[in-house]
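J.: dropping the sequence and predicted coords here.
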Amino acid sequence: MHRTIAAAVLAGCCLMLGDVHARTLGVRDGPPRDWTHVAQANLDEMMTFHIGLPQRNLAILEEKVHRISNPSSSEYGQWLSREEVFDVIRVSSKHVQKVESWLAESGLVGTLVAGDAFKVKANVETINNLFNTQVHAFVHSNGRRVLSVQGPYSIPRHMDDAIDIVTGLAEFPYYTQLRYTSVNTNNNTDPGVITPALLRALYNMPSTFPVNASSSLCLAEFMADQSFSPKDLAKFSEQLGTPPINVSKIVGPYTPSSPDGESTLDVQYGASMALNSTIWFWTVEGWMYDFATQLSNATEVPLVVSMSWGWPEPNQCDAVGNCTGPGRGWTSAEYVARVNAEYLKIVARGITLIAASGDQGAPGDDNNECNNRTMPLSNLFPGSSPWVTSVGATMLTTSSNTITYNHPPVCQKMTCAKDGIEAVCTIPEALITTGGGFSNYVTRPDWQNTAVSTYLQSGIPLPTPFFNQTNRAYPDVSALGHNYIILWGGKPVQVDGTSCSAPVFGSMVTLLNSIRLNKGKAPLGFLNPLLYKMATSDVTIFRDLTTGDNKCTEDCCSKFGFEATKGWDPVTGLGT
């Protein structure tokens with residue numbers, strides 16, 4: 001996500017079929033900014049791509065998830081197994097055989113994953129022939145080299161009915177730079193830096209805990225963000241007074257010699273706050289669909305997954321460079337729908353998905369310069385997904401409210417926060433403005449109908465007509481997201497963002513899972529119906545932030561956005 005930390009965005013991410021009679025999947029007209037064409041790729045170079053088949057019975061699975069995630073239901077917590085999920089959505093054997101035969105004609109064997117997709121590895125020569133295209137090599141200004149199709153790519157017309165989506169042929173990672181400030185910042189609105197010890201005191205989280213061995217938290221990373229340094233983890237634990245951090249399960253590419261900011265932040269705060277829970281670090285070179293199919297297909301899975309990434313819903317396929325258009329054959333709406341279907345399969349297994357709500361306020365990454373008068377509001381996916389718990393950001397402002405805790409060694413070198421109250425995290429006091437708003441594509445789930453309708457009817461000024469009032473609204477909750485100290489490259493760095501708050505909230509859920517597992521109960525799983533019921537049954541459960549707004553981005557402030565008020569709002573959700 002575009003926060004203080006490095007972000008990645010997908011270009012040409014999805015090759016969805018719009019017109020089933022069209023042969024062309026899409027057209028890659030050239031690389032996005034900061035990428036340079038090198039040459040045609042070597043014919044023996046290897047690429048991996050996914051072919052998604054048409055899914056079935058999603059409505060049946062969704063109805064089942066509504067029942068097992070409803071705390072008022074007799075079926076609450078009766079999560080499905082991987083095999084039970086696959087049995088519900090199992091794709092047509094005719095489509096499976098058709099794709100297998102088509103691949104076999106080129107000497108390829110695909111691996112069926114997630115019950116409804118093939119993962120295929122092939123050399124460039126085969127891909128050129130299979131998709132009637134040309135694969136080229138490109139290099140980024142940072143030196144990274146990727147392979148991508150150039151020009152049109154297509155499938156035979158007779159395969160249209162068997163193929164729903166293809167990913168892995170036209171992706172380009174997009175990079176932004178880490179944003180940080182001096183660790184000694186201290187003014188009237190900034191009581192000092194944030195440490196795990198303060199977070200525990202503020203949110204009443206224990207420093208010791210009988211963690212269940214089965215309770216786990218996964219920090220998920222995407223695109224080129226693939227590393228943290230064990231040396232940084234050790235120094236973080238020493239300087240910030242946390243138990244040693246042990247990442248026991250690593251899935252996907254991992255290069256500890258080149259730690260990056262997002263992975264460093266996620267692991268240091270997610271793992272330290274979850275104490276000695278089992279910590280996963282899962283990376284994919286692709287985007288949301290690629291990760292979701294991997295997770296959905298896995299037999300051993302974490303119980304909580306935190307994703308500090310995102311990009312506007314309408315730009316899932318064309319975030320950088322050309323993607324959609326007449327005759328190009330796929331849309332971002334279809335990509336979002338397919339990923340949400342994968343998320344549905346994941347939460348059906350009792351896995352909690354958590355996502356950051358964004359760092360560019362209501363204008364979002366699609367209007368970060370506040371100059372789009374036609375569509376002044378944006379949104380963020382997967383933060384806008386109905387199957388994730390979307391987490392916004394707050395900040396501490398100086399007050400007489402003392403926060404009592406044992407200050408770690410790092411506080412001898414810099415000013416650590418020791419008092420303050422939570423407020424909406426926003427420019428100019430912070431480096432970011434917490435994101436929130438409404439989905440373009442997904443209708444509002446029943447579990448948030450009352451809360452969102454109350455907000456819309458409260459009389460508070462609304463930025464109409466620039467959002468769909470009947471759609472999924474986010475965030476759901478918030479947590480502190482300003483002035484976190486991380487140890488990155490051996491040095492303390494202060495960072496902001498909903499990528500701070502998301503893993504911290506994930507650690508809370510991980511500890512709550514331990515309580516349930518220790519009592520022989522099922523994990524919390526899909527949280528949102530429970531969260532909104534909690535807010536209705538006891539208004540004191542959440543710390544409600546009733547002032548502030550999310551009208552600013554990192555670069556400007558707009559007259560359009562949302563304002564906080566009593567109860568749920570699209571600024572900090574239900575609260576902290």
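T.: Yes, it's here.

J.: how many residues are close by residue 540?
T.: By other CB atoms under 10 Å, 6 other residues sit near residue 540. Every C-beta, even on glycine, is put in place using the N, C-alpha and C of the backbone.

J.: tell me the secondary structure for it?
T.: Three-state call for residue 540 (DSSP: H, G, I helix; E, B strand; the rest coil): coil.

J.: any idea how far it is from residue 454?
T.: Residue 540 sits 17 Å away from residue 454, going by CB to CB, to the nearest Å.

J.: which stretches of the stretch 151-300 of the chain form helices?
T.: In the stretch 151-300 of the chain, the helices defined using DSSP state H, counting those that start in this stretch lie at 196-202, 230-240, 261-273, 288-297.

J.: closest one to residue 508 among those?
T.: helix 261-273 (7.5 Å; CB to CB).

J.: which strands and helices lie in contact with that closest one?
T.: Applying 3 or more CB pairs under 8 Å, 6 or more residues apart in numbering; DSSP states H and E, one finds that helix 261-273 makes contact with helix 196-202, strand 216-221, helix 230-240, strand 278-283, strand 484-488, strand 491-495, helix 498-518.

J.: pLDDT averaged over it - what is it?
T.: Averaged across helix 261-273, pLDDT comes to 96.

J.: that one to strand 491-495, inter-axis angle?
T.: If you take axes from the mean of the first three to the mean of the last three CA atoms, to 10 degrees, helix 261-273 sits at 90 degrees to strand 491-495.

J.: pLDDT weak spots in this structure?
T.: Applying pLDDT under 70 to the chain flags residues 1-23, 174-190, 224, 318-330.

J.: helices or strands up against the longest strand along it?
T.: Once the chain is assigned using DSSP state E, the strand that runs over the most residues is strand 389-402. Strand 389-402 sits against strand 352-356, strand 419-424, strand 477-480, helix 498-518, with contacts defined as 3+ CB pairs under 8 Å, 6+ apart.

J.: circling back: okay, the helices and strands packed on helix 261-273, which one's buried deepest?
T.: Greatest average neighbour count among these goes to strand 216-221 (a mean of 28), per mean count of other CB atoms under 10 Å.

J.: tell me the angle of that one relative to helix 288-297?
T.: Using the same axes, to 10 degrees: strand 216-221 against helix 288-297 is 150 degrees.

J.: tell me the angle strand 216-221 makes with helix 498-518.
T.: With the same axes, to 10 degrees applied, the angle from strand 216-221 to helix 498-518 works out at 160 degrees.

J.: which neighbouring elements make contact with strand 216-221?
T.: helix 261-273, strand 278-283, strand 304-307, helix 498-518.

J.: list the strands paired with the third one, with their directions.
T.: Applying DSSP bridges, strand 304-307 is found paired with strand 216-221 (parallel), strand 352-356 (parallel).

J.: which one of the ones you listed lies nearest to residue 488?
T.: Closest to residue 488 of the strands paired with strand 304-307 is strand 216-221 (CB to CB; 14.7 Å).

J.: mind exporting the C-alpha coordinates of the closest one to PDB?
T.: What follows is strand 216-221 as a C-alpha-only set of coordinates in PDB (Å, rounded to 0.1, in the frame of the first residue of the first chain):
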ATOM      1  CA  SER A 216      -0.300 -18.100  14.300                       C
ATOM      2  CA  LEU A 217       0.100 -14.800  12.500                       C
ATOM      3  CA  CYS A 218       1.300 -14.400   8.900                       C
ATOM      4  CA  LEU A 219       2.800 -11.300   7.500                       C
ATOM      5  CA  ALA A 220       2.100 -11.300   3.800                       C
ATOM      6  CA  GLU A 221       4.300  -9.400   1.300                       C
END
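
J.: that one vs strand 278-283, what angle?
T.: 20 degrees.

J.: how far is strand 216-221 from where the chain is centred?
T.: Distance of strand 216-221 from its chain centroid, counting by CA atoms, centre = their mean, to the nearest Å, is 11 Å.

J.: equivalent analysis for stretch 212-229, please.
T.: Centroid separation between stretch 212-229 and its chain, computed with CA atoms, centre = their mean, is 12 Å.

J.: next one: stretch 53-60
T.: Distance, stretch centre to chain centre, for stretch 53-60: 23 Å (CA atoms, centre = their mean).

J.: ditto for stretch 53-65
T.: The answer for stretch 53-65 is 22 Å, by CA atoms, centre = their mean.

J.: can I get the CA coordinates of it in PDB?
T.: Below are the C-alpha coordinates for stretch 53-65, written out as PDB (Å, rounded to 0.1, in the frame of the first residue of the first chain):
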ATOM      1  CA  LEU A  53     -11.200 -21.800 -14.400                       C
ATOM      2  CA  PRO A  54     -14.900 -20.700 -14.100                       C
ATOM      3  CA  GLN A  55     -16.000 -21.100 -10.500                       C
ATOM      4  CA  ARG A  56     -19.300 -22.700  -9.300                       C
ATOM      5  CA  ASN A  57     -21.500 -22.600  -6.200                       C
ATOM      6  CA  LEU A  58     -20.000 -19.400  -4.800                       C
ATOM      7  CA  ALA A  59     -23.500 -18.300  -3.500                       C
ATOM      8  CA  ILE A  60     -23.800 -21.600  -1.700                       C
ATOM      9  CA  LEU A  61     -20.300 -21.100   0.000                       C
ATOM     10  CA  GLU A  62     -21.100 -17.500   0.800                       C
ATOM     11  CA  GLU A  63     -24.400 -18.500   2.600                       C
ATOM     12  CA  LYS A  64     -22.500 -21.100   4.500                       C
ATOM     13  CA  VAL A  65     -19.800 -18.600   5.600                       C
END
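
J.: give me the buried positions along it.
T.: By 16 or more other CB atoms under 10 Å, the buried positions in stretch 53-65 come out as 53, 55, 61, 62, 64, 65.
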